[in-house]
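> Turn this into a model:
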Amino acid sequence: MNLRSQNLKMVGKLVVVAAGMFAFGYALIPIYKHICEVTGINILSLSELQVPGGEGSNGADARAGNSQVDASRTITVEFDANVRGPWEFKPAQRSIRVHPGELATVMYQFTNVQDHRMTAQAIPSYAPHQAAAHFNKLECFCFKQHTLEPGETKLLPVVFVIDSKLSRDVATITLSYTFFEVGGPAPAAPSAAVQSGVDAKS
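Numbers count the residues shown, from 1 in each chain. The predicted structure is shown next:
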């Protein structure tokens, strides 16, 4: 085999490799789209912009894009807020009803009523306790600290999905946040108090 034939053979191999790489890259688009449709992740950016209280705010769009929703079950999620300091912190709504696997968004309102800038962070707790392992937050203000100017108000989102593996004995979950100023003593999460309240309802 002469040099020309070897070069032609090598060029042919390179063309095949390049075509294969192009086909693989092109195939990634529908694969990515399918993954987003199955998991509902593609709805996250829209869900973060929704303020609950309207008809579509409990994840109705997510049901259309997430085939893992268990429509045979409905779980009530209650929201609680505790503060350690002179500021205001509360959920925009006290409860919602969701299906396991359904993407949901709720908002918390936090206002700095002090006359100076403050930085604070939230600690979450769950009741019943076993629900924590099945309460998956995709976005949460508790992931980071927040700095507010005097008199400033922020709406802070929580985007979550409840795992369908959650025990069928659990029909109500209470998500509680304690907001405390960074630099001061961090309070213990109020899980015991919330737990007793949920048990009383059972």
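
> where exactly do the strands run in this protein?
Applying DSSP state E to the chain gives strands spanning 75-84, 88-91, 95-98, 104-111, 118-127, 135-140, 146-148, 153-162, 172-181.

> From residue 127, how far off is residue 137?
16 Å (CB to CB, to the nearest Å). Backbone N, C-alpha and C define where each C-beta goes, glycine included.

> So between the two, which is more surrounded?
Here residue 137 and residue 127 are compared on neighbour count by other CB atoms under 10 Å; more neighbours surround residue 127, at 26 against 14.

> Give me the residues contacting stretch 145-159.
44, 47-48, 51, 92, 103-121, 137-142, 175, 182 (CB atoms under 8 Å, 6 or more residues apart in numbering).

> So for residue 18, which of the strands of the chain sits nearest?
With CB to CB as the measure, strand 135-140 is the member of these nearest residue 18 (37.9 Å).

> Distance of residue 150 relative to residue 117?
On the measure of CB to CB, residue 150 and residue 117 end up 7 Å apart.

> how many neighbours does residue 119 have?
Counted with other CB under 10 Å, residue 119 comes out at 12.

> Next up, the contacts around it.
145-148, 181-183 are the contacts of residue 119 under CB under 8 Å, 6+ apart.

> Among the contacts of stretch 145-159, name the buried ones.
Among the contacts of stretch 145-159, those classed as buried by 16 or more other CB atoms under 10 Å are 44, 47, 92, 103-108, 110, 112, 118, 120-121, 138, 140-142, 175.

> Low-confidence regions, this protein specifically.
1-2, 17, 19-67, 184-202 (pLDDT under 70).

> Please repeat the previous calculation with a cut-off of 90.
For the chain, residues meeting the criterion pLDDT under 90 lie at 1-68, 82-89, 113-116, 118, 120, 179-202.

> Thought residue 86 was touching residue 114, still the case?
Yes. When contacts are counted by CB atoms under 8 Å, residue 114 is listed as touching residue 86 (5.7 Å).

> I'd say residue 89 and residue 179 touch.
Yes. Assessed by CB under 8 Å, residue 89 is found in contact with residue 179 at 4.6 Å.

> Which one's more surrounded, these two?
residue 179 (24 against 21).

> quick one, what contacts that one?
81-85, 87, 89, 110, 120-122.

> same thing but 7 Å
Applying CB atoms under 7 Å, 6 or more residues apart in numbering, we find residue 179 in contact with 83-84, 89, 110, 120, 122.

> which of those residues are the two that sit furthest away from each other?
84 and 110 (12.8 Å).

> hmm, back to that, can you tell me which of the strands of the chain comes nearest to residue 12?
Nearest of the strands of the chain (CB to CB): strand 135-140, 47.4 Å.

> For the closest one, which outside residues touch it?
For strand 135-140, using CB under 7 Å, 6+ apart, the contacting residues are 44, 48, 126, 157-163, 173.

> how far off strand 153-162 does it point, in degrees?
Between the axes of strand 135-140 and strand 153-162, defined by axes from the mean of the first three to the mean of the last three CA atoms, to 10 degrees, the angle is 150 degrees.
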